[in-house]
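Student: Coordinates for the following, if possible.
(one chain, ligands or ions: 1)
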Amino acid sequence: MTTQNGALDNSPLIPPVPLLFEESAPGRGGVRLPKPGVDETPLPADLVRPALDLPELSEAQVVRHFTRLSQRNFSVDAQFYPLGSCTMKYNPKLNEEAAAEEGFRRSHPLAPEEYAQGNLELMYRLQEDLKKLTGFEGCSLQGAAGAQGELAGMLMIRARHRAGSGDLRNRVLIPDSAHGTNPATCTKAGFTAESIPSGADGAVDMDALRESTAGEKAKTLAGMMITNPGTLGLFERNIAEIIRIIHNAGGLVYGDGANMNALMGIIKPGDLGFDVMHLNLHKTFSTPHGGGGPGAGAIMAGKTLAAFLPGPVAVRGPAAAGSAAAGPVYRLEKPPSSIGRVKTFYGNFSVLVRAYAYIRTLGARGLRRASEYAVLNANYLRALVEDHYPTPFGSKRPCMHEFTSSPNMGNGIHTIDIAKRLIDYGFHPPTVYFPLIVKEAFMAEPTETETKETLDAFAAALGAIAEEARTSPELLKNAPHFTPVGRLDETAAARNPALRYVPGAE
Ligand SMILES: *Cc1c(COP(=O)(O)O)cnc(C)c1O
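Tutor: From the prediction side, this is the model:
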């Protein structure tokens, strides 16, 4: 097979996948079914499709096909994956063992509470640990992802305004550097999103914020959604003042907690005055993600909103009088003004087990060190590549766990070319073209689990690419060179995805 530009597919990084499905031979097979113990009855004719055109292959051929396909994926287990905002940290295998424990794996979601005490205790303990770590009053583990946690949080804000006299409160302020889920969530929850600009230092423009919350405007303010550190990788130094301004105008503050990896054990968002926040257990708390989940977006709430949390949540109480149980008893309970369920049963339970195992393995000090190393790694990497990959916002300040650069290589080279060329060097590209306020954005998040050697190698690749951009830009323009397919038409791939094997199709 050749790549788009004619180069041979001989990358040492990505083994080629022979098209085994084309090696189908009539009568070849890999499954032997036992003889049925009953008389065979033909299926009704209208249920039978005559020519299915399925490939006929041996078991070994099928195993090799799928194993090799899996090896063509980039993954944290195989490569450095500095995808900004996504926190692609290494996922300890111990967590997998915990999640695969029989008692967790095989318990039935409809089992009565007395038969699920271990599961409920784990949920309770995880809720308590997350509350301690973030300084919030309440926690619900229902959210299946960050975006769902956001939606739940915004519905809680709406419910609280409605319970008061805040029916008119429909405006939600969102910094222009926000993750795309923020305005989407806010709109879905029935609010109107209003963008607040960022200053040259990457911080929220305080004059604009005051303007949008003053006088008559305060009456229609529902609140604000804000990420700290923001997607520029910078700590929002005015956060306490921002929260005060919103509260004074009668609004509530949603914290997007997806960037908690910079703050564990260092700052408690609950103490800063946030009213509600989600945590991405599949980012900060090391559950594997990518490829669509499953994830978990735990929802944390302060005094103002804890009663509105989605439920049920796990609670602990004394054993009922006369019961056989010796220790405390765990139950499921709906918070008093709960917005209801946002997910069937108890959220993505196996993700909760992994997050709990991660927290208990690291302990309080370990979590703090994880955040310290995440920040150190990002600053180290940023310093190594600064010459070619400058950070336009907050360039004089240290970054948090990620940094957002705006490369300007000349020669008609765009960030997409750099990203594609990185694949040839064996690295997953960072997040590109986000946040939208950074021209040609290139957002790298190395995470705490990467060694100095890996960061050095990545910086060396970025340096080599900058040199190539100067001397042989076409190398970048045509990259990647060693993958089975070269540049994809990403719009067409999204609009017309080929999701089905069709014999003989390209
Ligand atoms: C990942 C992310 C989200 C959304 O989380 P999902 O689990 O992907 O839904 C929201 N905000 C920020 C800043 C993120 O990085």
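
Student: For the residue in the stretch 101-250 of the chain positioned nearest to the ligand, the count of nearby residues, please.
Tutor: Using Cβ to the nearest ligand atom, the single residue of the stretch 101-250 of the chain nearest to the ligand is Gly146, 2.3 Å away. All C-beta atoms are positioned from the backbone trio N, CA, C, and that covers glycine. Neighbourhood size, Gly146 [other Cβ atoms under 10 Å]: 25.

Student: Same question for Val253.
Tutor: Neighbours around Val253, by other Cβ under 10 Å: 26.

Student: try Asp207
Tutor: When counting by other Cβ under 10 Å, one arrives at 10 neighbours for Asp207.

Student: From Leu381, how far off is it?
Tutor: Remark: distance between Asp207 and Leu381 (Cβ to Cβ, to the nearest Å) = 34 Å.

Student: Next up, the contacts around the residue of the stretch 251-400 of the chain found nearest the ligand.
Tutor: Of all residues in the stretch 251-400 of the chain, Ala258 sits closest to the ligand, at 3.3 Å by Cβ to the nearest ligand atom. Counting by Cβ atoms under 8 Å, 6 or more residues apart in numbering, Ala258 touches 85, 87, 146, 179, 227, 278-280, 283-284.

Student: What of Gly347?
Tutor: Taking Cβ under 8 Å, 6+ apart as the contact definition, Gly347 lies against 141-144, 296.

Student: Tell me which of the residues you listed fall in strands.
Tutor: The members of these all map outside strands under DSSP state E.

Student: which of those are buried?
Tutor: Applying 16 or more other Cβ atoms under 10 Å to the contacts of Gly347, the neighbour count classes 141-144, 296 as buried.

Student: those helices in the stretch 251-400 of the chain, which residues are they?
Tutor: Along the stretch 251-400 of the chain, the segments classed as helices by DSSP state H, counting those that start in this stretch run 269-272, 349-385.

Student: Which residues of the protein lie near the ligand?
Tutor: Residues of the chain lying close to the ligand by Cβ under 6 Å from any ligand atom are 85-86, 145-147, 179, 181, 227, 231, 256, 258-259, 280, 295, 297.

Student: First-to-last residue distance for stretch 262-275?
Tutor: Taking Cα to Cα, to the nearest Å, stretch 262-275 runs 20 Å from one end to the other.

Student: in that stretch, what's buried?
Tutor: For stretch 262-275, by 16+ other Cβ under 10 Å, it's 262-265, 267-270, 272-275.

Student: where do the strands sit along the protein?
Tutor: Using DSSP E, strands in the chain cover 138-140, 171-175, 192-196, 221-227, 252-256, 276-280, 297-301, 313-317, 329-333, 403-405, 431-432, 442-444.

Student: Strand partners (parallel or antiparallel) of the fifth one?
Tutor: Spelled out, that is strand 252-256. strand 221-227 (parallel), strand 276-280 (parallel) (DSSP bridges).

Student: angle of the first one against strand 171-175?
Tutor: Strand 221-227 runs at 20 degrees relative to strand 171-175, counting by axes from the mean of the first three to the mean of the last three Cα atoms, to 10 degrees.

Student: now strand 221-227 and strand 192-196, what's the angle there?
Tutor: Between the axes of strand 221-227 and strand 192-196, defined by the same axes, to 10 degrees, the angle is 60 degrees.

Student: Distance from the chain centre to strand 221-227, please.
Tutor: Its chain's C-alpha centre and that of strand 221-227 lie 21 Å apart, by Cα atoms, centre = their mean, to the nearest Å.

Student: if we look at that strand, which residues are touching it?
Tutor: With Cβ under 8 Å, 6+ apart, strand 221-227 has contacts from 150, 154, 157-158, 161, 166, 169-175, 177-179, 182, 185-186, 191, 196, 204, 212-213, 236, 239, 242, 246, 249-256, 258-259, 275.

Student: For it, give the mean pLDDT please.
Tutor: Averaged over strand 221-227, pLDDT sits at 97.

Student: can you list the weak-confidence ranges in the stretch 151-300 of the chain?
Tutor: 291-293 (pLDDT under 70).

Student: mind redoing it with 50?
Tutor: The model of the stretch 151-300 of the chain has no residue with pLDDT under 50.

Student: on that earlier part again, buried deepest among the strands paired with strand 252-256, which one?
Tutor: Among these, judged by mean count of other Cβ atoms under 10 Å, the one packed with the most neighbours on average is strand 276-280 (a mean of 29).

Student: gap between that strand and the chain center?
Tutor: Offset of strand 276-280 from its chain centre (Cα atoms, centre = their mean): 12 Å.

Student: got the contact list for it?
Tutor: Strand 276-280 has contacts (Cβ under 8 Å, 6+ apart) with 87, 130, 134, 136, 143, 145-146, 149-150, 152-153, 156-157, 252-258, 260, 269-270, 285, 295-302, 305.
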